[in-house]
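**Q** coordinates only, sequence not included:
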Ligand SMILES: Cc1cc2nc3c(=O)[nH]c(=O)nc-3n(C[C@H](O)[C@H](O)[C@H](O)COP(=O)(O)OP(=O)(O)OC[C@H]3O[C@@H](n4cnc5c(N)ncnc54)[C@H](O)[C@@H]3O)c2cc1C
Ligand SMILES: *[C@@H]1O[C@H](CO)[C@@H](O)[C@H](O)[C@H]1NC(C)=O
Ligand SMILES: *[C@@H]1O[C@H](CO)[C@@H](O)[C@H](O)[C@H]1NC(C)=O
Ligand SMILES: *[C@@H]1O[C@H](CO)[C@@H](O)[C@H](O)[C@H]1NC(C)=O
Ligand SMILES: *[C@@H]1O[C@H](CO)[C@@H](O)[C@H](O)[C@H]1NC(C)=O
Ligand SMILES: *[C@@H]1O[C@H](CO)[C@@H](O)[C@H](O)[C@H]1NC(C)=O
């Protein structure tokens with residue numbers, strides 16, 4: 001340790017008198033400060049991560065008159081948004097994030113960046129089948145095994161009302177004692193409160209990958225009233241990337257937003273924050289008075305940070321699931337239809353992980369569909385692609401999809417969305433994990449937002465960011 005410090009000091013001292021272009025290279029990514037060629041940028045706030053949370057925070061701060069730099073590793077904003085563009089027709093197909101809870105927070109954002117939203121998508125014909133066997137499951141069997149949909153929704157709303165402190169979209173403000181029933185595996189909670197009827201909706205959106213075992217606590221946090229898809233809104237052209245491209249432009253484009261960029265190092269001091277990062281057009285150092293972290297805060301994604309022992313001890317407890325989505329061409333799935341994975345051997349038909357919950361047809365592209373792969377455990381990309389294609393093959397045969405002679409299903413795109421559903425153990429929740437996380441806010445001039453701090457839902461995350469984070473950043 002002592003040696004590294006001396007070495008680094010020596011080298012950066014040397015850099016002052018004799019600028020050698022290869023210093024950043026010699027010193028490695030965490031010692032990039034000496035680089036003479038760095039462009040220095042001064043901003044009020046620097047945001048790392050341009051997904052839902054980071055883009056929203058940047059837009060709102062700029063609206064409030066702050067200068068902001070946003071640093072994103074991908075070549076576009078939007079994070080979990082994935083919009084496939086058909087090369088022939090140019091028509092879009094969203095196969096990542098699809099809809100948004102219709103709240104004032106989301107509506108205001110869409111209005112401000114100037115994208116049009118609408119309230120309903122084309123209805124799709126729903127068919128149920130066991131993806132592992134291909135066997136079709138009759139709608140009457142599904143109804144019998146799950147129960148009445150409307151009744152279950154009503155019952156779920158009653159449960160949500162019991163726990164406003166969990167479902168109010170403002171992060172985790174937990175009572176000293178959390179009712180035990182919230183730690184029931186969701187499968188048991190469904191039984192206890194007769195919620196079976198809404199499991200057909202759940203399996204459709206079951207990206208957790210182990211729905212029946214997920215603690216009710218997290219499920220309730222996620223599927224609250226405005227976010228549950230009842231009252232959702234969609235981008236009018238079914239092109240969610242448009243929302244984030246519009247935000248990019250609204251933010252002043254490349255003069256404030258750094259795409260395809262890699263954060264090399266962050267230093268936080270009493271007088272400010274410095275972020276050193278590499279872009280395709282060279283290295284930059286941005287100096288700001290506050291830092292917003294809007295990336296998944298898994299330890300292996302924080303290597304650039306001058307991490308504190310408290311941050312380290314909290315973020316090392318985070319667990320996550322894995323999910324990938326893919327665009328399948330030539331499956332033969334009839335247009336405007338969806339096949340939902342339903343396993344009659346499992347409670348409420350919910351298939352066990354690893355799970356491909358759905359094969360869902362595109363509205364604007366013929367013979368294209370999206371499919372997913374979710375699991376609490378890592379699966380290799382090859383195995384995921386093979387699994388997706390095997391499912392499609394089985395469904396094609398058993399559901400008699402017609403495919404033009406000589407064509408077979410192919411994956412046009414596969415997108416890895418891991419880490420997903422970042423959470424901690426029941427023990428960690430009970431021993432005050434989220435209180436300790438809340439206490440981190442503002443420490444070392446750093447603010448944390450994103451799904452980890454609220455739930456995997458854009459409207460929830462935006463409300464949390466708007467209510468809990470931004471007013472404090474503006475005051476800091
Ligand atoms: C397949 C799928 C479908 C979904 N569908 C919906 C839906 O229909 N409606 C809904 O409300 N929610 C949906 N969600 C939930 C979604 O995760 C949240 O709505 C929201 O997008 C999460 O926002 P975030 O900002 O926390 O994370 P992200 O959107 O993932 O943003 C994190 C960003 O940080 C970037 N990043 C990561 N590491 C670094 C780094 N080291 N340096 C710089 N940048 C970095 C990433 O590239 C990414 O852009 C879906 C999720 C998935 C996976
Ligand atoms: C956002 O959070 C605030 C504060 O808790 C709450 O009053 C509001 O209902 C939330 N949701 C929306 C959609 O604004
Ligand atoms: C969203 O909700 C508002 C307020 O309830 C409503 O007026 C509006 O029509 C909804 N928007 C869409 C696109 O459904
Ligand atoms: C309905 O479900 C019950 C209990 O799961 C089962 O015994 C019965 O055979 C089912 N009926 C039909 C028509 O599937
Ligand atoms: C995930 O891994 C754990 C530990 O190896 C194992 O017990 C579990 O069965 C796996 N779950 C799935 C769904 O593969
Ligand atoms: C598929 O076709 C076969 C043979 O014509 C038929 O027996 C079967 O019932 C069909 N399956 C479906 C799901 O329609």
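**A** Sure thing, it's come through. Everything quoted here is computed from the prediction, not taken from an experiment. Numbers count the residues shown, from 1 in each chain. Ligands and ions are numbered 1, 2, ... in the order given.

**Q** count of neighbours near the nearest residue to residue 116 once chain neighbours are set aside?
**A** Computed as C-beta to C-beta, 6 or more residues apart in numbering, the closest residue to residue 116 that is not its neighbour in sequence is residue 236, at 4.0 Å. The way it works is simple: take the backbone N, C-alpha and C, and place the C-beta from them, glycine included. Per other C-beta atoms under 10 Å, the neighbour tally for residue 236 reads 12.

**Q** Could you verify my assumption that residue 236 touches residue 120?
**A** No. Checked against C-beta atoms under 8 Å, the pair residue 236 and residue 120 is beyond contact range at 11.0 Å.

**Q** So for stretch 461-475, what gets flagged as buried?
**A** Residues 461, 462, 463, 464, 465, 466, 468, 469, 470, 473 are the ones in stretch 461-475 that count as buried (16 or more other C-beta atoms under 10 Å).

**Q** Ok, stretch 140-154 next?
**A** If you call a residue buried by 16+ other C-beta under 10 Å, then stretch 140-154 has these buried ones: 142, 145, 146, 147, 152, 153.

**Q** got a list of what residue 53 touches?
**A** 294, 449, 450, 451, 461, 462, 465 (C-beta atoms under 8 Å, 6 or more residues apart in numbering).

**Q** Please give me every residue in contact with the second one.
**A** This points to residue 449. Listed by C-beta under 8 Å, 6+ apart, the contact partners of residue 449 are 53, 54, 57, 292, 293, 294, 461, 464, 465, 469.

**Q** Which of those residues fall in helices?
**A** The helices, defined by DSSP state H, take in 53, 54, 57, 461, 464 from the contacts of residue 449.

**Q** does residue 472 sit in a helix, a strand or a coil?
**A** helix (DSSP: H, G, I helix; E, B strand; the rest coil).

**Q** what's the spacing between the residue nearest to it when sequence neighbours are not counted and residue 179?
**A** Leaving aside its chain neighbours, residue 472 sits nearest to residue 442 (6.1 Å; criterion: C-beta to C-beta, 6+ apart). According to C-beta to C-beta, to the nearest Å, residue 442 and residue 179 sit 30 Å apart.

**Q** More neighbours: the two, which one.
**A** Ranked by neighbour count (other C-beta under 10 Å), residue 442 and residue 179 place residue 442 first, with 16 against 13.

**Q** Is it correct that that one is in contact with residue 474?
**A** No. With contacts counted by C-beta under 8 Å, residue 442 stays clear of residue 474, the gap being 12.0 Å.

**Q** Among the buried residues of stretch 140-154, which lie within strands?
**A** Residues of those located in strands (DSSP state E): none.

**Q** Need the mean per-residue confidence for stretch 96-103.
**A** The average pLDDT within stretch 96-103 is 91.

**Q** ugh, typo on my part, it should be stretch 261-278
**A** 97.

**Q** That stretch: end-to-end distance?
**A** One end of stretch 261-278 to the other measures 5 Å (C-alpha to C-alpha, to the nearest Å).

**Q** Buried residues, that stretch. List them.
**A** Neighbour-count burial for stretch 261-278 flags 261, 263, 264, 265, 266, 268, 273, 274, 275, 276, 277, 278 (criterion: 16+ other C-beta under 10 Å).

**Q** and the gap between the residue nearest to residue 116 and residue 92?
**A** Following C-beta to C-beta, the distance that separates residue 236 from residue 92 is 11 Å.

**Q** before we move on, what about residue 373?
**A** For residue 373 relative to residue 92 (C-beta to C-beta), the value is 22 Å.

**Q** So for those two, which sits in the more crowded spot?
**A** Between residue 373 and residue 92, counting by other C-beta under 10 Å, residue 373 is the more crowded of the two (27 against 21).

**Q** For residue 95, give me its contacts.
**A** With C-beta under 8 Å, 6+ apart, residue 95 has these contacts: 82, 83, 84, 325, 326, 327, 370, 413, 415.

**Q** Can you pick out the most distant pair from the ones in helices among the contacts of residue 449?
**A** 54 and 464 (13.1 Å; C-beta to C-beta).

**Q** So which elements touch the helix or strand where residue 105 lies?
**A** For residue 105, the host element (DSSP states H and E) is helix 104-113. Applying 3 or more C-beta pairs under 8 Å, 6 or more residues apart in numbering; DSSP states H and E, we find helix 104-113 packed against helix 52-63, strand 232-235, helix 241-250, helix 458-464.

**Q** what about 6 Å?
**A** Applying 3 or more C-beta pairs under 6 Å, 6 or more residues apart in numbering; DSSP states H and E, one finds that helix 104-113 contacts helix 241-250, helix 458-464.

**Q** which outside residues touch it?
**A** If you take C-beta atoms under 6 Å, 6 or more residues apart in numbering as the criterion, helix 104-113 is touched by 100, 117, 246, 247, 250, 459, 462, 463, 466.

**Q** anything in it sitting right up against ligand 1?
**A** No. Using C-beta under 6 Å from any ligand atom, helix 104-113 stays clear of ligand 1, with a minimum separation of 8.9 Å.

**Q** what about the next helix or strand after that helix, near ligand 1?
**A** The first helix or strand that comes after helix 104-113 along the chain, using DSSP H and E, is strand 117-118. No. Using C-beta under 6 Å from any ligand atom, strand 117-118 never reaches ligand 1; the gap is at least 12.7 Å.

**Q** Note down every partner strand of strand 117-118 and its orientation.
**A** Taking DSSP bridges as the criterion, strand 117-118 forms sheet pairs with strand 232-235 (antiparallel).

**Q** Would you tell me which residues of the chain are close to ligand 5?
**A** Near ligand 5, when you scan the chain using C-beta under 6 Å from any ligand atom, you find 353, 354, 375, 376, 377.

**Q** Buried by neighbour count, from those: which ones?
**A** Among those, the ones that count as buried by 16+ other C-beta under 10 Å are 353, 354, 375, 376.

**Q** okay, the nearest residue to the third one once chain neighbours are set aside: pLDDT?
**A** Meaning residue 375. Among residues not flanking residue 375 along the chain, residue 354 sits closest, at 3.7 Å (C-beta to C-beta, 6+ apart). Residue 354 carries a pLDDT score of 88 in this model.

**Q** Backbone dihedrals for residue 354, please?
**A** Note on residue 354: its backbone torsions stand at phi -70, psi 140 [degrees, to the nearest 10].
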